[in-house]
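[1] here is the input, now give the coordinates:
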Amino acid sequence: MQTTYLQLTLLQADKQGRDAIKYSLGSRLSVEPVWQLIKSCDWQLERVIGGLESMDFSSNVRDNSLLKAHTDITVRKFFSKERALIAPSMLGSLHPVTGEPAIWDGGTLARLLANQQFRQYRSGPDNSRNADANSLLLDIIQNPQQWLGQRHNGKLHLFNRTTEAAQLHNHASLLPDFRRPPPRLLPRRSPLAR
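    Residues are numbered from 1 along each chain as shown. Take a look at the predicted model:
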């Protein structure tokens with residue numbers, strides 16, 4: 001809730017935060033109309049979202065049947081401008097890669113980079129720079145469907161394509177290392193143990 005308005009951001013696994021759909025519903029005078037709407041949907045977020053998605057935003061939103069008696073509620077639909085928003089479904093555990101996959105897709109590349117299962121990382125069009133792989137990892141997480149890995153002379157080259165018709169662009173190369181990474185969280189030792 002922001003003042004008397006409820007803002008909902010719908011994040012999808014395959015879209016960036018700036019493509020997220022947002023809804024804002026409320027009243028300038030009171031929070032009560034929003035609470036009544038939520039209550040009429042039996043406090044189920046899926047019902048509220050389903051009702052909002054069924055509304056026709058090409059006309060006056062007060063004419064929609066979802067709002068029924070809630071005439072002092074205004075509803076807006078807009079697109080988020082926050083690029084930094086990442087869908088929670090995209091942030092699931094990125095488990096280590098245990099062996100050479102048949103296809104190096106974006107998800108597998110993200111897992112490899114997140115677990116630092118590589119050596120000799122080089123970036124840039126000619127793979128001459130020794131840069132940090134974290135920024136590339138964020139790019140892959142944002143648009144995994146645009147990334148592909150391909151083996152050449154023992155190295156794994158990471159390619160990006162912004163559209164189906166676009167050329168593949170070589171962004172980096174590395175040597176995969178399928179050894180299991182060390183655990184990030186170590187068990188705590190008792191302060192009494194010596």
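
[2] the stretch of helix or strand Trp35 belongs to - what's its average pLDDT?
    Per DSSP states H and E: Trp35 is located in helix 32-40. For helix 32-40, the mean pLDDT works out to 86.

[3] I'd like the next helix or strand past it.
    Later in the chain than helix 32-40, the nearest helix or strand by DSSP H and E is helix 45-54.

[4] could you dump whatever helix or strand comes next after that following helix to CSV, C-alpha only?
    Moving toward the C-terminus from helix 45-54, the next helix or strand (DSSP H and E) is strand 74-79. This file holds the C-alpha atoms of strand 74-79, laid out as CSV (Å, rounded to 0.1, in the frame of the first residue of the first chain):
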residue,chain,number,x,y,z
THR,A,74,-9.7,4.3,-9.6
VAL,A,75,-7.6,1.6,-11.3
ARG,A,76,-4.6,2.2,-13.5
LYS,A,77,-2.6,-0.2,-15.5
PHE,A,78,0.9,0.7,-16.6
PHE,A,79,4.4,-0.7,-17.2
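
[5] could you point out which element follows strand 74-79?
    Following strand 74-79 in sequence order, the next helix or strand is strand 104-105 (DSSP H and E).

[6] what strands flank that next one, and is each parallel or antiparallel?
    With DSSP bridges as the test, strand 104-105 is paired with strand 147-152 (antiparallel).

[7] off-centre distance for the partner strand?
    A distance of 22 Å separates the centroid of the chain from that of strand 147-152, by Cα atoms, centre = their mean, to the nearest Å.

[8] in that strand, what's buried?
    By neighbour count on 16 or more other Cβ atoms under 10 Å, the buried set for strand 147-152 is Trp147, Leu148, Gly149. Yep, even glycine has a C-beta here, placed from its N, CA and C like the rest.
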